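Novice: coords please:
(one chain, ligands or ions: 1)
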Amino acid sequence: MIDRIHHVGIVVHSADDALGFFRDTLGLPVTEDRVVEEQGVRGVLLACGENEIELLEPTRDDTGVARFLQSRGQTLHHICFNTDDIDAELARLKAMNVQLIDETPRDGLAGRIAFIHPKAMHGVLVELATPPAGSHVSHDKGFDHLAVSVADYIAAQESWKHIVGLEVVNEIHPEGRGMVIGQMPCGQAIIELLAATTPDSPLAQRLLEQGERASSMVAIEVADLDAEVAKYRAKGLTMPDPAVGVLPDSRTSTISAEQAFGLAIQLIEFKR
Ligand code: CO
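Specialist: Numbers count the residues shown, from 1 in each chain. Just a heads-up that it's a prediction; the model follows:
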C-alpha cells in the first residue's frame, strides 16, 4: 500500500551547489548521499518531516536524467511514493496493464524502486520505493502540498485513484481563476490536481504551452510566515511580502525556483 510521499526528485547541475541551499539555508538534514553508477547520477536525499527532497546530479551525459537536465534545465523530475511492498504494487499494476518503465524493482537511492511511465500518469513521472529497514523515518509533517496540472480532470482522478490509490476528497474553486483544485491526501501532505474550468484561464494557457505536468514546487507549512520571510531575507533571499493564498485561510510567500535550484518553495501559513 502507498502511504505517503517518499520524496520529490529534482535534477540539478551540481549537488554541492544545491546543498548550499537545501541543507545550509533551509536547514534540511542529509539522509543519503551516494553515486548510483548504473543510473549515472549522484543522488542526495534531504529529510523534510515525513518526506524528503532528492537531488539528482548526472555524473555522465548519456543518461535520461542528463538529457532531461539539458532539455528542461533544473526542475522537478519525479514524485516518489512510499510503499511497504513494492513487489505487490508492481504485480497489481501489471495486472491492470499500467505502462511501467521498470517491470521489476531495482536498487535506487531510496531503496528498492521502480518507475511508472509518465504516459500512465498524465505526464507525471512516478517512482515507487520500499526503503530498507533502518532508513530515515519521521512522523512530523513535511510537505503541505504538491500540485499537478491536468487537462482531463475526470480521467486524471481515475488514474490517480487506480494507480496510486489517492482520491479527491475536497474541491476548491478559487474565485476568478477559472480552475478547480482537487485535494488528494497522502500521508500528512496533499497532492492537488489543478484543472482549468474556462478555456481562457491562465492554467488553460499553461496546459496548452507545457502540457500536463507536476509543478516544480513544494509548499511547506510554517507557523509564523512573517518571521520565516524575515529569516530568509536576512540570509540574502528575495521573497515577496506575504499575501493571501489560493487555499482558504492561508497566506503565502515563495522562494522562487530560480533561487532554489529549480524547485520553488512556497511557505504557507494557515489561520487555524
Ligand atoms: Co527518486
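Novice: what pLDDT does the residue nearest to residue 150 when sequence neighbours are not counted get?
Specialist: The shortest distance from residue 150 to any residue other than its chain neighbours is 3.8 Å, reached at residue 156 (C-beta to C-beta, 6 or more residues apart in numbering). C-beta coordinates here come from the backbone N, C-alpha and C atoms, glycine included. Residue 156 is assigned a pLDDT of 98 by the prediction.
Novice: what do you get for residue 134?
Specialist: pLDDT for residue 134: 86.
Novice: sorry, back to before: what separation is there between the residue nearest to residue 150 and residue 111?
Specialist: Taking C-beta to C-beta, to the nearest Å as the measure, residue 156 falls 28 Å from residue 111.
Novice: residue 212: what's it in contact with?
Specialist: The contact partners of residue 212, by C-beta atoms under 8 Å, 6 or more residues apart in numbering, come to 122-124, 148-151, 156.
Novice: ugh, typo on my part, it should be residue 229
Specialist: Counting by C-beta under 8 Å, 6+ apart, residue 229 touches 239, 241-242, 253, 267.
Novice: can you tell me how far it is from residue 237?
Specialist: Summarising the geometry, the distance separating residue 229 from residue 237, computed by C-beta to C-beta, is 9 Å.
Novice: do the same with residue 252
Specialist: Relative to residue 237, residue 252 is positioned 15 Å away (C-beta to C-beta).
Novice: likewise residue 268?
Specialist: Shown here: residue 268 relative to residue 237, a distance of 17 Å by C-beta to C-beta.
Novice: who has more neighbours, residue 156 and residue 111?
Specialist: A direct count of neighbours by other C-beta atoms under 10 Å for residue 156 and residue 111 places residue 156 higher, at 23 against 20.
Novice: correct me, but the more buried one touches residue 193?
Specialist: Yes. Contact status for residue 156 versus residue 193: in contact at 5.6 Å, counting by C-beta atoms under 8 Å.
Novice: okay, and the beta partners of the residue of the stretch 101-250 of the chain found nearest the ion?
Specialist: When distances are taken as C-beta to the ion, the stretch 101-250 of the chain approaches the ion most closely through residue 127, which lies 4.7 Å from it. For residue 127, the beta-bridge partners under DSSP bridges are residue 80, residue 115.
Novice: what about it, neighbour count?
Specialist: 23.
Novice: report the separation between it and residue 137.
Specialist: Note on residue 127: its distance to residue 137, by C-beta to C-beta, is 18 Å.
Novice: next: residue 18.
Specialist: The separation that residue 18 has from residue 137, given C-beta to C-beta, amounts to 24 Å.
Novice: the two: which is more packed in?
Specialist: More neighbours sit around residue 18 than around the other of residue 18 and residue 137, counting by other C-beta under 10 Å; the figures are 23 against 10.
Novice: quick one: what helix or strand has that one in it?
Specialist: Residue 18 belongs to helix 15-19 when assigned by DSSP states H and E.
Novice: for the stretch 51-200 of the chain, which spans come out with low pLDDT?
Specialist: Under the criterion of pLDDT under 70, none of the stretch 51-200 of the chain is flagged as low confidence.
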